[in-house]
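[1] please find the sequence and the predicted model below.
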Amino acid sequence: MEYIIERASSFAGDIDFLIVLIAVLGGFWLLLAEAVLFYFIVKYRRKASPKAQYITGEEEVSKKWLHWPHYAVIVCDLFIIFFAIQTWVKIKQTLPKPDAVIEVVGQQWAWKFTHPGLDGKLGTKDDVKTVDELHVVVNKTYQFKLKSDDVLHSFSIPVFRLKQDAVPGRTITGWFKPTKTGQFDIQCAEICGIGHGIMGAKLYIETEEEHRTWLEHQRMAQVNGNRINTAKK
Amino acid sequence: MHQPIATTRSATGIPTGRLAVWWVIASEIVIFGGLLGSYVMYRLLHDAWSIEAANTHTLAGATNTFVLLTSSLFVVLGHHAAEHGDGKKAFRYLWLTILGGFIFLIIKSIEWTGEIHHGFVMTKSLFWAFYYTAAGLHALHVIAGMVIMAIISFDTIKNKNLHRVELIGIYWHFVDIVWIFLFPLLYIAK
Amino acid sequence: MSHDHHEQSFFSKYLFSTDHKVIAMQYLFTGMFMALIGGFFAYGFRMQLAFPGIEVPGLGLVTPNLYNELVTNHGSIMIFWVAMPVLIAAFGNYLIPLMIGCDDMVFPRLNRLSYQIFLISAIVLIASFFVPGGGFSGAWTSYPPLSAQAKYNLTPLGAPMWLTAVALEFVAFLLGGINFITTLMNSRAPGMKMWDIPIVLWMIVIASIVFMASAGPLIAGAVMLLFDQIYHIGFFNPNKGGDPILWQHLFWFFGHPEVYVVLLPAMGIVAEVITVFARKKLFGYKTILYTTIATGTLSFFVWAHHQFVAGIDPRMANVFTITTILISIPVTEMCFAYIATLFGGSIELRTPMLFALAFLAEFLIGGVTGIFLGSSGSDIYFHDTYFVLAHFHYTFVPIAIISVFAGIYYWFPKMFGRHMNETLGKIHFWGTVIPFNLIFLPLFFLGLAGQHRRIYSYENFPELAKPYLQDLRILATVSLIVMLSFQVVFLFNFFYSIFKGKKAEKNPWRANTLEWAAASPPPHGNFPELPQVYRPPYEYSVPGRELDYWPQNEKA
């Protein structure tokens, strides 16, 4: 999977493992079934087999050809269920203690983010609000509070393997932990009207220092902005 | 129109008409089930609805329950008469049933007029939205039942297609039972 | 049979007929017409995806709004106005009375009413494309609040019209379904016991029952959503105490069983075709029937796997992961039984058989890729990506296109009394199946790369705007155009053969089931003398018999 799309969160590896597991188990049965199917088509074609046999498939002898592969499929199913639930519980049902909390709000057609400022706390005066830009620090655990102003949106970060719908009237909490610096895509993965195709945002995963510089820069901009505003008044 | 042989066959031993009515009812149950299921889910989430529900007219609802149950009795008597080949008597009972339906609708309209005058309209809150949607859907079924019954009755009086009295009877009981679910859910639960 | 064969006018014969065969043809032709519209829409949005911003020949510039309208209605049309009418209504109407050996459905007028309501629903849908604001563009799942409020979806007329069309279509199929179920239960030919019913009829009827049991909540939901759209009630509006997710439950409680509603008739058609062209008894008739019932039942308990990341209680996802993975058990058993049917057969690769075998080969891919989505952990990543899209097209195209072609090529001699051209049929087969894979295999890969759905242009997402991904999109689009153009071969073959094809005898495929005991095409009333049934439907190559088939109606 990581050859197709980068992994940048702590749980991306779990999801990729699950995908590979299903690909191996499912792929085995798929190839086997297709192989048998094509083998039968070739072997029992009219030229090679002019007279068909009479097999009802109701006797135990022939039924076992269904049942044994079938039991094997059930065993594979149990494996998949186990790992699927394990991955799910880790990502969606547990909330590790966060280093920081951010707020994410979807609206037609933009993502609004509220980052904690230099004090590291959300809901204080120095919060940094951005549109279509999310800045996080690598190797820190984040909790996000996901909301929507109007219709359904879906907060999706492919490199994190993270996706969560935003539902108006609800606040949905989730978490992630970036593991790699860089610049990545944030998408909206739930159709939300004519602007759905432009509802992308940028994710900046930074080191601690880069992030502090950015925060300070933002604060300066804010202060300057306020000054300009007051001057105008 | 020529009736196909298919209609006259009965491989299961159940008359085709009765079988079909049961399947109609099965498909109706899930429609009402979906609506009432949604209502109950919301109701459990919103305690405030009981305040809204206090404005419903329990007496009117109760009277209507009584009226519908009585009309169901008439349709049973009609079926009984039809089974004994007495089309005229069945005709009378069918019209008594229709009368029951009428009284039900009249009480309903008086009740709704009052409520609408007091400002309890569909858009007031979701409780009223469900109230009118569910009871309205039910009322449509009452009207449909009355129309079908009226059509059937003109065959019945000529002693033709007497088995249809039973079929409409089954349907009428179903409409009745839906009301028996609606009444406590919309009126009594406060 | 005493039928007065007075001359009927064209009008009463083809438009207001109560004959099940005419109604089946009405459904078939309406379905085919709608498929052309659905295919054209696919062409429109695929062109935009491959070559963003070009003037699409025959359509013009695809704006974001038009793009959404195209994808929404492509999905709605293909499922509600193609798969349902063709698989259930056309084949059901045509085959049920013929295969159980009687003259018509039990309620012919109800049947006609069902088609008329269906036709109105199709007209309402088509009309919705031309109203101010355009057709509905909030995806075929129609999630509120987007679908519920005109200020969000910008289609004040399109949205309610779409919803009305869908609701009418449901009513049509409820009426039709009641007819199907009652007819199969009550009007079987004397001697036809439970185990003598051809599997395709079982599947159509079980599908009708599943449809009937699942559509109700969505009909109620449609009424609620319509009230939201028109009167702004707010059943699904959180600001008024409603809950948008309730719609998702109502929708998918129907929507997932719906997959099996169309799958089962397709499996049934394939069963008929492979037994005839392999000259083999169906492997484990009862096993297949039980797995069908198990699939139908289980399908009611899997719906929330569409909503893993929709904001439902995460604990619920675990339950639905288990039920979803469990449904693979009856379905794989069914597929294994079909493959086992080929064992020891004598396979003749005529066009219907090619399509039937292609169905099995392709559907297996669709089935296996479903596991990625049914297991909650990996669905976090795959939800609403092109992986989902490729997966369900690998199920729906075999179901609604490939198996339907198998059925049409197979029953064409019965329907029109003539054969379709075999060479053109084979050209059409390869021209359909190869491009089909070339459309959707690239889309699997795009899904893995994180490409999400219903986006009119990926230029706004740097990770998705890479040139090699764009090449894959172009490959998919070109393959689609190739596939669509090969349908011209089919249409030519179809209409040419209706009038000029080689004359077909009563039973050209030497098949067992009762429809082949009627003339080709069967007259009004079907059989000169209603048949009796003496044996199960798949007695091919019975040892000790000279002929390798043994019609159900042949006396000992």
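    Looks like it arrived, so ask away.

[2] so who does C:Glu459 touch?
    Shown in contact with C:Glu459 (Cβ atoms under 8 Å, 6 or more residues apart in numbering or on different chains): C:52, C:465. Any C-beta I mention is one placed from the backbone N, CA and C, and that applies to glycine too.

[3] sec struct for it, please.
    helix (DSSP: H, G, I helix; E, B strand; the rest coil).

[4] what's the separation between it and C:Thr30?
    39 Å (Cβ to Cβ, to the nearest Å).

[5] quick check, central residue of chain C?
    Centroid check for chain C by Cα atoms, centre = their mean gives C:Ala83 as the closest residue, at 2.6 Å.

[6] could you look up the SS state of it?
    helix.

[7] equivalent analysis for A:Phe144, please.
    Reduced to three states by three-state DSSP, A:Phe144 is strand.

[8] domains in chain A, by residue range?
    Following automatic domain parsing, one finds the domains of chain A at A:12-93, A:100-232.

[9] just these: most buried one?
    domain A:100-232 (a mean of 19; mean count of other Cβ atoms under 10 Å in any protein chain shown).

[10] does that one reach chain C?
    Yes. Judged by Cβ under 8 Å from any Cβ of the partner chain, domain A:100-232 and chain C are in contact via A:108, A:150-152, A:154, A:156, A:158-159, A:161-170, A:172, A:184-185, A:187-198, A:200.

[11] pLDDT wise, what is C:Lys11 at?
    Careful, residue C:11 is Phe and not Lys. Listed pLDDT for C:Phe11 reads 69.

[12] and what of B:Met122?
    So, for B:Met122, pLDDT stands at 86.

[13] and C:Ile269, by the same measure?
    97.

[14] what helix or strand does residue 121 sit in?
    Reading this off chain A. According to DSSP states H and E, A:Lys121 maps onto no helix or strand at all.

[15] please refer instead to chain C.
    Here C:Ser121 is assigned to helix C:108-128, by DSSP H and E.

[16] which elements pack onto that helix?
    If you count contacts as 3 or more Cβ pairs under 8 Å, 6 or more residues apart in numbering or on different chains; DSSP states H and E, helix C:108-128 packs onto helix C:20-50, helix C:158-186.

[17] just say which of the ones you listed is most tucked in.
    Highest mean neighbour count among these (mean count of other Cβ under 10 Å): helix C:158-186, a mean of 24.

[18] next, see if that one gets close to chain A.
    No. Residues of helix C:158-186 contacting chain A under Cβ under 8 Å from any Cβ: none, with a closest distance of 11.7 Å.

[19] gap between that helix and the chain center?
    Chain-centre distance of helix C:158-186: 14 Å, with Cα atoms, centre = their mean, to the nearest Å.

[20] any part of it near chain B?
    Yes. Counting by Cβ under 8 Å from any Cβ, chain B is contacted by helix C:158-186 at C:174, C:177-179, C:181-183, C:185-186.

[21] touching, C:Phe492 and C:Leu424? I think so.
    Yes. If you go by Cβ atoms under 8 Å, C:Phe492 and C:Leu424 touch, sitting 7.2 Å apart.

[22] check the stretch 51-200 of chain C for the residue nearest chain A and tell me.
    C:Leu146 (4.2 Å; Cβ to the nearest Cβ).

[23] ok, now how distant is that residue from C:Pro64?
    14 Å.

[24] C:Ala556 now?
    Distance from C:Ala556 to C:Pro64, by Cβ to Cβ: 68 Å.

[25] and for C:Met192?
    Taking Cβ to Cβ, one finds C:Met192 at 56 Å from C:Pro64.

[26] look at these two and report which has more neighbours.
    It is C:Met192, of C:Met192 and C:Pro64, that has more neighbours when counted by other Cβ atoms under 10 Å in any protein chain shown, with 27 against 19.

[27] is A:Leu146 in a bridge, and if so with what?
    Counting by DSSP bridges, A:Leu146 forms beta bridges with A:Val104, A:Ile172.

[28] and residue 102, backbone torsions?
    Looking at chain A here, since you left the chain open. Reported as degrees, to the nearest 10, the phi and psi values for A:Ile102 are phi -120, psi 160.

[29] wait, chain C was what I had in mind.
    phi -140, psi -180.

[30] that one - how many residues pack around it?
    What C:Cys102 shows, counting by other Cβ under 10 Å, is a neighbour count of 30.

[31] surely it touches B:Ile5?
    Yes. Assessed by Cβ under 8 Å, C:Cys102 is found in contact with B:Ile5 at 5.9 Å.

[32] quick check: C:Ile96 is in a helix.
    Yes. According to three-state DSSP, C:Ile96 belongs to a helix.

[33] which non-adjacent residue is nearest it?
    Counting by Cβ to Cβ, 6 or more residues apart in numbering or on different chains, C:Ile96 lies nearest to C:Thr183, which is 5.5 Å off, once chain neighbours are set aside.

[34] was I right about A:Asp14 contacting A:Ile91?
    Yes. With contacts counted by Cβ under 8 Å, A:Asp14 reaches A:Ile91, the gap being 7.2 Å.

[35] quick one: common contacting residues for the two?
    With Cβ under 8 Å, 6+ apart, A:Asp14 and A:Ile91 have common neighbours C:Gly377.
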